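[1] starting from these lines, generate the structure:
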Amino acid sequence: MAEKKLRVMVAKPGLDGHDRGARVLSRCFRDAGFEVIYTGCHQTPEQCAAAAIQEDVDMLGLSCLSGAHRYLFPAVTKLLKEQGADDIVVVGGGIIPDQDFQYLYDSGIKAIFTPGATLDSIVEWIRNNVTPRA
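    All right, here's what the predicted structure looks like:
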């Protein structure tokens, strides 16, 4: 039987409409051999969590450039946990100050990628830290 491809979702919670980075990452993940779902902009935390569960993803990548990451990212991880889906690895990216990292890690975010992170380093992190869910 062929090895199961990782299913990753890229989501843009909140009112941030700057999605070039999310689209670049989606294409990069596809080129790396992952199955990719991109939700588009202006998603609520509830929509992000519901889509991740419905699509049975292994990883959810949240992108935020608006500064609302301290609210949006923990809201998504809380919803996933409440719905029994906290085995979905959630990572975040965007304009995130260093002083917010620990808060986000404590809320369940597993990795944070900011401008300057290479596409190769993000793909490598995923390959080393995300496994297909049962």
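
[2] so what sits opposite the residue nearest the centre of the chain in the bridge?
    Nearest residue to the geometric centre of the chain (C-alpha atoms, centre = their mean): residue 61, 1.0 Å. Counting by DSSP bridges, residue 61 forms beta bridges with residue 10, residue 91.

[3] quick one, what contacts it?
    By C-beta atoms under 8 Å, 6 or more residues apart in numbering, residue 61 lies in contact with 8, 9, 10, 11, 22, 25, 90, 91, 92, 93. The C-beta positions use only the backbone N, C-alpha and C, and glycine is treated the same way.

[4] check which helix or strand covers the nearest residue to the fifth one once chain neighbours are set aside.
    What it means is residue 22. The spatially closest residue to residue 22, leaving aside those adjacent along the chain, is residue 63, at 4.4 Å (C-beta to C-beta, 6 or more residues apart in numbering). Under the criterion of DSSP states H and E, residue 63 resides in strand 59-64.

[5] buried residues in the longest helix along the chain, which are they?
    Assignment by DSSP state H gives helix 69-82 as the longest helix of the chain. For helix 69-82, a neighbour-count test (16 or more other C-beta atoms under 10 Å) marks 69, 72, 73, 74, 75, 76, 77, 79, 80 as buried.

[6] give me the below-cutoff pLDDT ranges for the protein.
    Applying pLDDT under 70 to the chain flags residues 1-2.

[7] same thing but at 80, please
    Regions of the chain meeting the criterion pLDDT under 80 cover residues 1-3, 134.

[8] can you pull out the strands in it?
    Counting by DSSP state E, one finds strands in the chain at the ranges 7-11, 35-38, 59-64, 89-94, 111-113.

[9] returning to that earlier point: export the buried residues of helix 69-82 as a markdown table, with columns for distance to residue 51.
    Below are those laid out as a markdown table (distance: C-beta to C-beta, whole Å):
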| residue | distance to residue 51 |
| --- | --- |
| 69 | 19 |
| 72 | 14 |
| 73 | 15 |
| 74 | 18 |
| 75 | 14 |
| 76 | 10 |
| 77 | 15 |
| 79 | 11 |
| 80 | 11 |
